[in-house]
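Visitor: Give the three-dimensional model of this entry:
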Amino acid sequence: MRPAGRWRFSPASRPAPTASTPAAWDCDMPAVPAIARDAFLERLDQLAALAGSEAPDLGLLLVDIANLREINHRHAFDIGDAVLAETERQLAELAPAEDTVFRIASHTFAVILPTVTQPELLPVVVGRMRTALEEALELDGYLTAAELLIAIALNRACRLSPLLTLARAEEHLAALRRGDGRELSDVLADSEARPDDLIRPFTEALHDNDFLLYYQPKVAIDSGGLVGAEALLRWHNAERGWIPPEVAVQIAEDIQRSFELTKWVVHAAARQHREWSRAGRDVPLSVNLPASLIDRADLPGMINGALKIWDMPPARLTLEITEQAFMRDAEAGLRIMAQLRDLGCRISIDDFGTGYSSLAYFRDIPAAELKVDRSFVTRLLLSPQDAGLVRTIGELAQIFGMRVVAEGLEDADTLACLRSIGCEIAQGFGIARPLPPAEFTAWADCWEGSAALERLPGAEALRG
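Guide: Residues are numbered from 1 along each chain as shown. Next up, the predicted model:
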């Protein structure tokens, strides 16, 4: 499978390391591919749209290096990085079209198959891909070989949204990880089901109040003190298990129920705030507002009604809005945001740095907070450009009197970098994952502030 002269994934084929040549690889190994989940979803949507009304089936493969962490720990991180790089290179060669291979998680790649004319042959395609990858990823001389899991989803006639297509592939991958994955033929048979097979469960969950909110803590970087929490939607279906929250949000958009879902979220968060306040714990909360609602005239009234019903002070509620939201109707959006600010709520610009909004609009947005997207935070230590961008965002926020919140904090080295560039608040798995209310309360009771932050692991310990 490997052309002559190509890099060979074998220790025997490279010279012994020297002071100037570390124990890495002896030729033109490509750089470790960056995680690009958003770019993948955009490309998936683009390919489905290009297919037109007579759309063929679209396939999606997820290739997971199940034991990458073990490879890193047992050997070296450059071995793991080489596995990632060679996996991407092999998949790009095997892919049927350009720009269809993306790394979407730490050890998972997505391969889009834009036109599937014979779905019954997909198991053969998967088998050939597995063989090619296993040959390319031989770990000669090592005790640990790369373990590959390959999941599949088929979007019949491109009727599913990108998120629903990904959700089906991730559901298959999760089953493979548990060891109870079905035959590929069974998975393909399931794709014959109606593309709206989650719509009825969604509407029932909305009607029956079966959604959940989990809460991810936000802490002050200087003191480590708890300063708030983000309320995050969760959905557990009795038949399908946990449904990714982005899928629920996409369904709501597709069937014009975003307002009702957002109303449920706001009421649930306000009700939780009242419960905690009565127990002596006043935790400011934030909720996410979909871009599609930013220009709705009835949005301020809905939020104000929820605050009054549950006796939540408006100043304790932050409304997170992506900067892309203002690209829909900037004038109407700014007007609605001003009304929400006048209610007393705080406005936060979420995922800042990922959109293309004009600085003129940014100047006029009545925001009190900027949230730096996790894609920049996770690369602070790897990219001087990203570190410089985050520093610039901090300086911009200071000019406009906003505080800066960093998403995706996981390690002590990134924490030190955030401190040095003036970031004030952080959230991320290094502090706590999103937690159900009872677990959040228990976490808050045990959180030790700055002492806990100082015990975060180093970045090197989390790689892989």
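
Visitor: Which segments of the chain make up each domain?
Guide: By the assignment in automatic domain parsing, the chain contains the domains 11-190, 199-462.

Visitor: could the ones you listed be laid out in a markdown table, adding mean pLDDT?
Guide: What follows is the domains of the chain, written out as a markdown table (pLDDT from 0 to 100):
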| stretch | mean pLDDT |
| --- | --- |
| domain 11-190 | 75 |
| domain 199-462 | 88 |
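
Visitor: how much space between Gly344 and Ala332?
Guide: 21 Å (CB to CB, to the nearest Å). The way it works is simple: take the backbone N, C-alpha and C, and place the C-beta from them, glycine included.

Visitor: on contacts alone, who are the packing partners of the one helix or strand Val63 maps to?
Guide: Following DSSP states H and E, one finds Val63 within strand 57-65. Counting contacts by 3 or more CB pairs under 8 Å, 6 or more residues apart in numbering; DSSP states H and E, strand 57-65 packs against helix 37-50, helix 77-94, strand 108-116, helix 122-136, strand 148-155, helix 162-178.

Visitor: Each with direction, which strands does the fifth one pair with?
Guide: Here strand 148-155 is paired, per DSSP bridges, with strand 57-65 (antiparallel).

Visitor: Can you list the buried residues in the next helix or strand after the strand it pairs with?
Guide: Next along the chain after strand 57-65, taking DSSP H and E as the criterion, comes helix 68-74. Within helix 68-74, the residues that count as buried by 16 or more other CB atoms under 10 Å are 68, 71-72.

Visitor: next one: stretch 409-422
Guide: Going by neighbour count (16+ other CB under 10 Å), the buried part of stretch 409-422 is 409-415, 417-418, 421.

Visitor: Among the residues you listed, pick out the one closest to Ile112, please.
Guide: Among the buried residues of stretch 409-422, Glu410 lies closest to Ile112 (CB to CB), at 28.8 Å.

Visitor: Look up the closest residue to the closest one, ignoring the ones flanking it.
Guide: Closest residue to Glu410 apart from its sequence neighbours, by CB to CB, 6 or more residues apart in numbering: Gly430 at 4.0 Å.

Visitor: Kindly report the same for Glu171.
Guide: Leaving aside its chain neighbours, Glu171 sits nearest to Arg240 (7.3 Å; criterion: CB to CB, 6+ apart).

Visitor: how much space between the one you found and Ala175?
Guide: Applying CB to CB to Arg240 and Ala175 gives a distance of 11 Å.

Visitor: So for the two, which sits in the more crowded spot?
Guide: Ala175 (16 against 13; other CB atoms under 10 Å).

Visitor: just the helices in the stretch 301-450 of the chain please.
Guide: Remark: helices assigned in the stretch 301-450 of the chain by DSSP state H, counting those that start in this stretch are 330-343, 359-364, 374-377, 384-399, 412-420, 437-446, 450-454.

Visitor: Tell me which of the ones you listed sits most buried.
Guide: helix 374-377 (a mean of 21; mean count of other CB atoms under 10 Å).

Visitor: now what about that helix, what contacts it?
Guide: 35, 38, 353-354, 386, 389-390, 406-409, 414, 418, 428 (CB atoms under 8 Å, 6 or more residues apart in numbering).

Visitor: Name the single longest strand found in the chain.
Guide: Counting by DSSP state E, the longest strand found in the chain is strand 226-237.

Visitor: Name the strands paired with the helix or strand following that strand and say parallel or antiparallel.
Guide: Proceeding N to C from strand 226-237, the next assigned helix or strand is strand 241-243, under DSSP H and E. Sheet pairing for strand 241-243, assigned by DSSP bridges, gives strand 226-237 (antiparallel).

Visitor: thinking again about what came up before, just send the helices of the stretch 301-450 of the chain back as TSV, with distance to Val287 too.
Guide: Formatted as TSV, these follow (distance: least, CB to CB, whole Å):
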stretch	distance to Val287
helix 330-343	12
helix 359-364	22
helix 374-377	18
helix 384-399	21
helix 412-420	24
helix 437-446	15
helix 450-454	25
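
Visitor: Could you point out which of those helices sits nearest Ile79?
Guide: Nearest of the helices of the stretch 301-450 of the chain to Ile79, taken as CB to CB: helix 412-420 at 21.6 Å.

Visitor: The closest one relative to helix 384-399, how many degrees between them?
Guide: 40 degrees (axes from the mean of the first three to the mean of the last three CA atoms, to 10 degrees).

Visitor: For helix 412-420, name the packing helices and strands.
Guide: For helix 412-420, the packing partners by 3+ CB pairs under 8 Å, 6+ apart come out as helix 450-454, helix 459-462.

Visitor: returning to what we had before: closest one to Gln118 among the helices of the stretch 301-450 of the chain?
Guide: Nearest of the helices of the stretch 301-450 of the chain (CB to CB): helix 374-377, 37.1 Å.

Visitor: circling back: same list (the buried residues of helix 68-74) but as a markdown table, adding distance to Ile152.
Guide: Formatted as a markdown table, the buried residues of helix 68-74 follow (distance: CB to CB, whole Å):
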| residue | distance to Ile152 |
| --- | --- |
| Leu68 | 20 |
| Ile71 | 24 |
| Asn72 | 27 |
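
Visitor: Specify which member of those is nearest to Glu275.
Guide: Among the buried residues of helix 68-74, and counting by CB to CB, the member closest to Glu275 is Leu68, at 41.4 Å.

Visitor: Can you name the residues that contact the residue nearest to Glu395 when sequence neighbours are not counted?
Guide: In this structure, Glu395 finds its nearest non-sequential neighbour in Gly422, 7.5 Å apart by CB to CB, 6+ apart. Each residue near Gly422 by CB under 8 Å, 6+ apart is listed here: 391, 394-395, 398, 404.

Visitor: same deal with Pro201?
Guide: 237, 239-240.

Visitor: let's see 6 Å
Guide: Counting by CB atoms under 6 Å, 6 or more residues apart in numbering, Pro201 makes contact with Asn237.

Visitor: roughly how far apart are Arg177 and Ile152?
Guide: 14 Å.

Visitor: neighbour count winner among the two?
Guide: Ile152 (23 against 13).

Visitor: So what pairs up with the more buried one in the strands?
Guide: Under DSSP bridges, the beta-bridge partners of Ile152 are Leu61.
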